[in-house]
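Colleague: coords please:
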Amino acid sequence: MNQFNGRERVRAAMAHQTPDRVPVMCQLALGHYFLQCDSESADIWFGSQTFVEALERLRQRYGLDGFLINLPGRPDNWRDYASSAEKTEGRWKLSWRDGLQTVLPSDDNPHTSLAGGQSLPRADYSAVDPDDPATYRIGGYVWNTWHAPCMWDIPADADLADPATYPDWFTAGLRAARRSCPDVSVHVEVFSPFTHLLELLGYQDALMALLEASKTCHRLLEAFVGHVVAQVQCYAPHQPDAVLISSAFAGAGFISRDMYREFVLPYEQRVVAAIHAHQLPAYVHTCGAIGDRLDLMSESGVDGLDTLDPPPLGTVELAEVKTRFGSRFFLKGNLDAVNEMLWADDETFERAVRERLRIGMPGSGYILSSACSVAPRVAPDRLKKMVQLADEHGRYVS
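Modeller: Modelled structure (predicted):
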């Protein structure tokens, strides 16, 4: 059988075609990049070129077949938006011209807050007017996330459902990756409308709003669909190999099946349709307990499922989902990122990897991966060993 490159290998698995071996593609926590790369955490988080260089450096070091670009691009002059920057005991603190501050630990995602360290403001679901963006485009809330404080001044009347509204640097990371990594499977991430809702209102208040202000929630979700579709339209011309819909909080730990059917499914269906309109695969990342809603997830039209957290982190047994949905979805993940990767001894870890390969590889359609992000302090040798085991135990016979 011909040797595949990473891009071809992942593409074949996503299409249920037969590659030379099971591909390996783990999403690494940002803290893992901070710890394992020489660049400063602030440069990785805010510098699109540096971020992509970190992704590719660790992909090569571990032998992975692809990586996920899970941050939007940044302007090259992002430092000009900071009023000060200081590093103390390995932690960067950046103060921004709009009064916000971002603290970047050496091993964890950055945290943006008000200047005094207080939590960022959230929209009030009892007062928000979905027809008036000024009531929910609150300070620091950029593209419905706080990834990049004050780097883009959003006029109150800006139409975020129009791809032309987004600056050219929004796609900088994807463009850099596609130029420098032609043989690598490069995926890009957008957030589910439901994730945007939770980020906007705050997680506790958003869950209350589903009960107390469901009409308002639906109107906001309707707006967010337009924003997400616009972002898909921005990314698609730059040739991502797939689009991941980050819908981390749509599992049973947060909402019921009925709520999933009402507040998640119809809106993700439209995002998936927009991705498919560009002839791109779409897959969804949902953490935790999703074993009771896989049938509903299939109705979205999505091509694949990511994470597939096993017990005790979640409720997905790979053998069961492979039997029930293996011909419907490509499957990515199921290796417990905590109990089987971070804390396990070598024998337990290697046994778990071989078991996932045994179950997942028949008929193709499986990508070996941690269930959720690889924890910051997972030993690099674990990642290398995953690829070695896939090469030894995950090869298809021609």
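
Colleague: Let me see the ranges of the helices in the stretch 101-250 of the chain.
Modeller: 172-180, 193-201, 203-212, 214-235 (DSSP state H, counting those that start in this stretch).

Colleague: I'd like those helices written out as TSV, with mean neighbour count, mean pLDDT and distance to residue 316 added.
Modeller: Bear in mind the C-beta positions are built from the backbone N, C-alpha and C, glycine included. Below are these laid out as TSV (neighbours: other C-beta atoms under 10 Å; pLDDT from 0 to 100; distance: least, C-beta to C-beta, whole Å):
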stretch	mean neighbour count	mean pLDDT	distance to residue 316
helix 172-180	20	96	29
helix 193-201	25	93	20
helix 203-212	16	96	23
helix 214-235	20	96	25
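
Colleague: who wins for proximity to residue 166 among those?
Modeller: helix 214-235 (5.2 Å; C-beta to C-beta).

Colleague: which other residues reach the closest one?
Modeller: Applying C-beta atoms under 8 Å, 6 or more residues apart in numbering, the contact partners of helix 214-235 are 125, 128, 130-131, 133, 136, 143-144, 160-163, 165-166, 170-171, 174, 188, 190-194, 196-197, 200, 206, 209-210, 243, 262-263, 267, 270-271, 274-275, 278.

Colleague: what sits up against the helix or strand hosting residue 351?
Modeller: Assessed by DSSP states H and E, residue 351 sits inside helix 346-360. With contact meaning C-beta under 8 Å, 6+ apart, helix 346-360 is reached by 22, 318-319, 322, 331, 334-336, 340-341, 344, 366, 368, 382, 385-386, 389-390, 393-394.

Colleague: if you set the cut-off to 7 Å instead, what comes out?
Modeller: 22, 318-319, 322, 331, 334-335, 340-341, 366, 368, 382, 385-386, 389-390, 393-394 (C-beta atoms under 7 Å, 6 or more residues apart in numbering).

Colleague: Just the terminal-to-terminal distance for stretch 239-248.
Modeller: In terms of C-alpha to C-alpha, to the nearest Å, the two terminal residues of stretch 239-248 are separated by 25 Å.

Colleague: Which residues does it contact?
Modeller: With C-beta under 7 Å, 6+ apart, stretch 239-248 has contacts from 7, 10-11, 14, 66, 68, 174, 178, 185-192, 194-195, 232, 235, 264, 268, 271, 275, 280-287, 306.

Colleague: now it, how far from the chain's geometric center?
Modeller: 7 Å (C-alpha atoms, centre = their mean, to the nearest Å).

Colleague: Then stretch 385-395?
Modeller: 25 Å.

Colleague: Restricting to C-alpha, output that stretch in PDB.
Modeller: What follows is stretch 385-395, C-alpha atoms only, in PDB (Å, rounded to 0.1, in the frame of the first residue of the first chain):
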ATOM      1  CA  LYS A 385       4.300   6.700  21.700                       C
ATOM      2  CA  MET A 386       0.800   7.100  20.400                       C
ATOM      3  CA  VAL A 387       2.100   7.500  16.800                       C
ATOM      4  CA  GLN A 388       4.500   4.600  17.300                       C
ATOM      5  CA  LEU A 389       1.700   2.400  18.500                       C
ATOM      6  CA  ALA A 390      -0.500   3.500  15.600                       C
ATOM      7  CA  ASP A 391       2.300   2.600  13.200                       C
ATOM      8  CA  GLU A 392       2.700  -0.900  14.800                       C
ATOM      9  CA  HIS A 393      -1.000  -1.800  15.600                       C
ATOM     10  CA  GLY A 394      -3.000   0.500  13.300                       C
ATOM     11  CA  ARG A 395      -1.900  -0.500   9.900                       C
END
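
Colleague: Using the neighbour-count criterion, name the buried positions in that stretch.
Modeller: 385-387, 389-390, 393-394 (16 or more other C-beta atoms under 10 Å).

Colleague: Stretch 103-112 too?
Modeller: Those would be 104-105, 107-108, 110, 112, for stretch 103-112 by 16+ other C-beta under 10 Å.

Colleague: So among those residues, where is pLDDT lowest?
Modeller: Lowest in pLDDT among the buried residues of stretch 103-112 is residue 112, which has 87.

Colleague: Tell me what it is bridged to.
Modeller: residue 102 (DSSP bridges).

Colleague: That one and residue 102 touch, don't they?
Modeller: Yes: counting by C-beta atoms under 7 Å, residue 102 is a contact partner of residue 112 at 4.6 Å.

Colleague: thinking again about what came up before, from the buried residues of stretch 103-112, pick the one nearest residue 48.
Modeller: residue 110 (15.2 Å).

Colleague: For the closest residue to the closest one other than its chain neighbours, give me its contacts.
Modeller: Among residues not flanking residue 110 along the chain, residue 104 sits closest, at 4.4 Å (C-beta to C-beta, 6 or more residues apart in numbering). Applying C-beta under 7 Å, 6+ apart to residue 104 gives the contacts 41-42, 45, 91-92, 110.

Colleague: Name the nearest of those residues relative to residue 361.
Modeller: Checking these against residue 361 by C-beta to C-beta gives residue 45 as the nearest, at 35.5 Å.

Colleague: Pretty sure that closest one sits in a strand.
Modeller: No: Residue 45 is assigned helix when assessed by DSSP: H, G, I helix; E, B strand; the rest coil, not a strand.

Colleague: pretty sure it contacts residue 112?
Modeller: No: the criterion here is C-beta under 7 Å, and residue 45 misses it with residue 112 at 10.6 Å.

Colleague: tally of neighbours for residue 86?
Modeller: If you count neighbours by other C-beta atoms under 10 Å, residue 86 ends up with 9.
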